[in-house]
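**Q** sequence unknown, structure follows:
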């Protein structure tokens, strides 16, 4: 593909030779002649002179740069769009594989592909263009919109609802039982029926081995555009807000509510029955024990304001030294109290 064609497809301004043939895209340090790279963060601008790429996506032209430039308002986004021009994941042909099972009363939309050993249960409904890779299981009464994609071993449990353009990566479980037990007088546990459902709205992607539990009553819900990383646990009756980003190994206890545009970094944990308000950012390995204000940035466990946490964690390695100084001061004060102040002669 010629560079000018890429510029047109991305809506970028071209500076340089538009007739260059571009055979692919790569990061700045790994790109070779004939490839397109990008510069999203100005602090890495010094690396541009070392790249072997034939062209680069940048927010503004770099003075003295010997390679062609595509000027973009968002180089990282346009780099992602350029990747999509060159790589399209394989899509199976429409049809139901002979080794798949589709219940007689299930409804399957046009142009769907259902792979070997996949199962579509009774009264389930699949929209158009759905792709079920091998060993995907859709339980009874599930309703799924158009352009659904489920990779192998994903499962959608009974009566859950999924919108349009939803992607489930390998091993995702939507609507597994919430973790609910009532203790009997003798100390044993009685399982609480998880009678609610899980609802996944449009344009959600859930990465491998993540579980979004069904509610005890009512629903658990992942709202439009949310992206959930691998190995995340979303407990029963949680709400994941619009356009949230939830990174790997995060755990949300039951009835956690995340409003829109929340970002939870890796290994964040929340106790239940709390709200993280719009636009908040929670840094990695933080423990959330209560409501988080809109647009707050918090760190630590228990989590508090990130700027204060940075000061605290900077002081933490010095605590032994500070403690020693404090003990020395205490000894001096104790000595003064026992012996009185030193005698001084005045004239």
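**A** Everything's here; your move. Treat the numbers as computed from the prediction; the structure is a model and nothing was measured.

**Q** Which residue, other than its chain neighbours, is closest to residue 18?
**A** Take residue 18 and drop its neighbours on the chain: the residue closest to it by CB to CB, 6 or more residues apart in numbering is residue 4, 3.2 Å away. Quick note: C-beta positions are derived from backbone N, CA and C, even for glycine.

**Q** who does the host helix or strand of that neighbour touch, helix- and strand-wise?
**A** Assigned by DSSP states H and E, residue 4 belongs to helix 3-10. Helix 3-10 sits against strand 13-15, strand 68-71, helix 75-86, with contacts defined as 3 or more CB pairs under 8 Å, 6 or more residues apart in numbering; DSSP states H and E.

**Q** Pull out the buried residues from it.
**A** 3-4, 6-7, 10 (16 or more other CB atoms under 10 Å).

**Q** try stretch 288-302
**A** Neighbour counts over stretch 288-302 (16+ other CB under 10 Å) mark 288, 292, 296-300 as buried.

**Q** Just the closest of the residues you listed to residue 223, please.
**A** Nearest to residue 223 among the buried residues of stretch 288-302, counting by CB to CB, is residue 292 at 17.4 Å.

**Q** returning to what we had before: pipe the buried residues of helix 3-10 into a markdown table and attach distance to residue 81 per row.
**A** Converted to a markdown table, those look like this (distance: CB to CB, whole Å):
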| residue | distance to residue 81 |
| --- | --- |
| 3 | 15 |
| 4 | 16 |
| 6 | 9 |
| 7 | 12 |
| 10 | 6 |
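
**Q** ok, so of those residues, who is nearest residue 206?
**A** Distances from residue 206 to these, taken by CB to CB, are shortest for residue 10, at 28.0 Å.

**Q** what's the nearest residue to the closest one if we skip its chain neighbours?
**A** residue 78 (4.8 Å).

**Q** Look up how far residue 71 lies from that neighbour.
**A** Distance, residue 78 to residue 71, by CB to CB, to the nearest Å: 10 Å.

**Q** the more surrounded of those two?
**A** Shown here are residue 78 and residue 71; by other CB atoms under 10 Å, residue 78 has more neighbours (23 against 16).

**Q** tell me the contacts of that one?
**A** 10, 12, 38, 57, 70, 72 (CB atoms under 8 Å, 6 or more residues apart in numbering).

**Q** The last one: what's it in contact with?
**A** Right, the one you point to is residue 72. Going by CB under 8 Å, 6+ apart, residue 72 touches 10, 12, 57-59, 78.

**Q** thinking again about what came up before, out of the contacts of residue 78, who's nearest residue 173?
**A** Nearest to residue 173 among those, counting by CB to CB, is residue 38 at 35.7 Å.

**Q** Shouldn't residue 317 be within a helix?
**A** Yes. Checked against DSSP: H, G, I helix; E, B strand; the rest coil, residue 317 lies within a helix.

**Q** Look up how far residue 283 lies from it.
**A** Separation of residue 317 from residue 283 (CB to CB): 19 Å.

**Q** Looking at these two, which one has more neighbours?
**A** More neighbours surround residue 283 than the other of residue 317 and residue 283, with 18 against 8 (other CB under 10 Å).

**Q** Pretty sure that one sits against residue 265.
**A** Yes. Residue 283 is within contact range of residue 265, at 5.2 Å (criterion: CB atoms under 8 Å).

**Q** what touches both of these two?
**A** Contacts common to residue 283 and residue 265, judged by CB under 8 Å, 6+ apart, are absent.

**Q** that older thread, output the contacts of residue 78 as a markdown table; include the columns distance to residue 103 and pLDDT.
**A** Listed next are those as a markdown table, based on distance: CB to CB, whole Å; pLDDT from 0 to 100:
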| residue | distance to residue 103 | pLDDT |
| --- | --- | --- |
| 10 | 44 | 95 |
| 12 | 49 | 94 |
| 38 | 47 | 92 |
| 57 | 48 | 94 |
| 70 | 50 | 94 |
| 72 | 48 | 94 |
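
**Q** which one of these sits closest to residue 331?
**A** Distance to residue 331 across the contacts of residue 78 (CB to CB) is lowest for residue 38, with 61.1 Å.

**Q** If you tally nearby residues, what's the number for the closest one?
**A** Residue 38 has 25 neighbouring residues, counting by other CB under 10 Å.

**Q** what does residue 147 give?
**A** 19.

**Q** element containing residue 62?
**A** Of the helices and strands defined by DSSP H and E, none includes residue 62.

**Q** Report pLDDT for it.
**A** For residue 62, the model assigns a pLDDT of 73.

**Q** tell me the contacts of it?
**A** So residue 62 contacts 39, 45, 48, 56, 69 (CB under 8 Å, 6+ apart).

**Q** okay, the third one: pLDDT?
**A** Looking at residue 48, its pLDDT reads 84.

**Q** which SS class is it?
**A** Under three-state DSSP, the three-state class of residue 48 is helix.

**Q** separation between it and residue 40?
**A** Counting by CB to CB, the gap from residue 48 to residue 40 is 12 Å.

**Q** Which one's more surrounded, these two?
**A** Neighbour count, other CB under 10 Å: between residue 48 and residue 40, residue 48 has more, with 19 against 16.

**Q** Give the closest residue to residue 148 in space, chain neighbours not counted.
**A** In this structure, residue 148 finds its nearest non-sequential neighbour in residue 130, 4.2 Å apart by CB to CB, 6+ apart.
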